[in-house]
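Engineer: Coordinates for the following, if possible.
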Amino acid sequence: MIEGSEGIATNPPEGRDGASPYAPSWLALREEADAAARAGELLDPLRAALPADGPLVIWDLGCGTGSLGRWLSGRLRGPQHWILLDRDPALLDRARESSFATADGPPATVETRTGAIADLRASDLVGASLVAASALLDVLTAAEVEAIAAAAGCPVLLTLSVVGRVRLTPSEPLDDEYAAAFDAHQRRGGLLGPDAVTAATKAFGRRGATVVTRPSPWRLGPGQSALIAAWLRGWVGAAVEQNPGLAPFADDYLSRRLAACAEDRLTVEVRHVDLLAVPGGQA
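Structural biologist: The predicted structure is shown next:
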């Protein structure tokens, strides 16, 4: 059971998209790219699946500093109450300071809760209109995905899940080796990593939900050198941690890539998928 802000918390898995996963500086750096990447075509079926009357009660799982709420609240109409869940009280403090604008009324109300995804129960989500998360699904275990699917009796929107496809331009021969090692790193310790969207589609489908997925890639290029550089360092670091055989080549590889990034000669595409699950509905 999830409690209030003094509730239980667990150590998080590492490695969202390849950079330091939960540092506020990283979350701030990626927020604009996340907003540009999310699949806007899922908004119409989402709106159609939400209750027409009364305030929306929206749970944001692994909310970080609240970037998903800042993006989504202004795209939904009517009164909204957001419940922000994260295992890190410091991130929740930052999220609590956010103003979640709505599309047609006063700002949403916000509360925060400290807790672990695996502790979610259906009783926690009674009265929820929507369960949402961003850049979270791929760092969950199969059991945690099952817990969300079992607990949620409402639509679920899971955005920006990595699916194991990265393209750097111009390419280099070592790109595929670093990508494969990073994908293996994402799967360590039972995490789903690039398999998460498939696992979640099956988990919700077994419970009778209609599941729709849409691509939501990062396409990073000129003017985004700070984000690309942070992503590169984390991506290469995770790959080397997983496959130490890549370590002898890592410094030169990273130096070349960072130099190209600084000169706006490098573009990066990181594939994500957004998923909407509607219980017993037609999304």
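Engineer: where do the strands sit along the stretch 101-250 of the chain?
Structural biologist: Here the stretch 101-250 of the chain has its strands, by DSSP state E, counting those that start in this stretch, at 109-114, 130-134, 156-169, 209-215, 218-220.
Engineer: Report all helices and strands that the fourth one contacts.
Structural biologist: In this structure, strand 209-215 makes packing contacts with helix 196-206, strand 267-279, judged by 3 or more CB pairs under 8 Å, 6 or more residues apart in numbering; DSSP states H and E. All C-beta spots, glycine's among them, are computed from the backbone N, C-alpha and C.
Engineer: hmm, try it at 10 Å
Structural biologist: For strand 209-215, the packing partners by 3 or more CB pairs under 10 Å, 6 or more residues apart in numbering; DSSP states H and E come out as helix 43-49, strand 156-169, helix 196-206, strand 267-279.
Engineer: Would you tell me which helix is longest in the chain?
Structural biologist: In the chain, assigned by DSSP state H, the helix with the most residues is helix 225-242.
Engineer: returning to what we had before: would you convert the helices and strands packed on strand 209-215 into TSV that also reports mean neighbour count?
Structural biologist: Below are the helices and strands packed on strand 209-215 laid out as TSV (neighbours: other CB atoms under 10 Å):
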stretch	mean neighbour count
helix 43-49	16
strand 156-169	22
helix 196-206	19
strand 267-279	22
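Engineer: Out of the ones you listed, flag the one nearest Arg30.
Structural biologist: strand 156-169 (9.1 Å; CB to CB).
Engineer: From Cys63, how far out is Arg94?
Structural biologist: 10 Å (CB to CB, to the nearest Å).
Engineer: ok, these two, which is more surrounded?
Structural biologist: Taking other CB atoms under 10 Å, Arg94 and Cys63 do not tie; Cys63 has more neighbours (29 against 18).
Engineer: Now do the contacts for the more buried one.
Structural biologist: Neighbouring residues of Cys63 by CB atoms under 10 Å, 6 or more residues apart in numbering: 69, 82-86, 88, 91-92, 94-96, 98, 110, 112-113, 132-134, 136.
Engineer: and if you look at Ala133?
Structural biologist: Going by CB under 10 Å, 6+ apart, Ala133 touches 59-64, 68, 85, 117, 140, 148, 156-161, 275.
Engineer: so what's it closest to, chain neighbours aside?
Structural biologist: Spatially, and ignoring its direct neighbours in sequence, Ala133 is nearest to Leu61 (4.2 Å; CB to CB, 6 or more residues apart in numbering).
Engineer: wait, doesn't that neighbour sit right on Asp119?
Structural biologist: No - if you go by CB atoms under 10 Å, Leu61 and Asp119 don't touch, sitting 11.2 Å apart.
Engineer: Settle it for me: which of the two has more neighbours?
Structural biologist: Neighbours were counted for Leu61 and for Asp119 using other CB under 10 Å; Leu61 has more, 25 against 19.
Engineer: Could you give the bridge partners of the more buried one?
Structural biologist: Beta-bridge pairing for Leu61 (DSSP bridges): Leu85, Ala133.
Engineer: quick one: Val166 and Trp231, what's the gap?
Structural biologist: For Val166, the distance to Trp231 equals 10 Å [CB to CB].
Engineer: Save the helices and strands packed on strand 209-215 as a markdown table, and put in mean pLDDT too.
Structural biologist: Shown next, in a markdown table, are these (pLDDT from 0 to 100):
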| stretch | mean pLDDT |
| --- | --- |
| helix 43-49 | 97 |
| strand 156-169 | 97 |
| helix 196-206 | 97 |
| strand 267-279 | 98 |
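Engineer: Distance to Cys261 for those - can I get that in a markdown table?
Structural biologist: Output for the helices and strands packed on strand 209-215, formatted as a markdown table (distance: least, CB to CB, whole Å):
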| stretch | distance to Cys261 |
| --- | --- |
| helix 43-49 | 32 |
| strand 156-169 | 10 |
| helix 196-206 | 28 |
| strand 267-279 | 9 |
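Engineer: For Arg219, find the nearest of these.
Structural biologist: When the helices and strands packed on strand 209-215 are compared by CB to CB, strand 267-279 sits nearest Arg219, at 5.3 Å.
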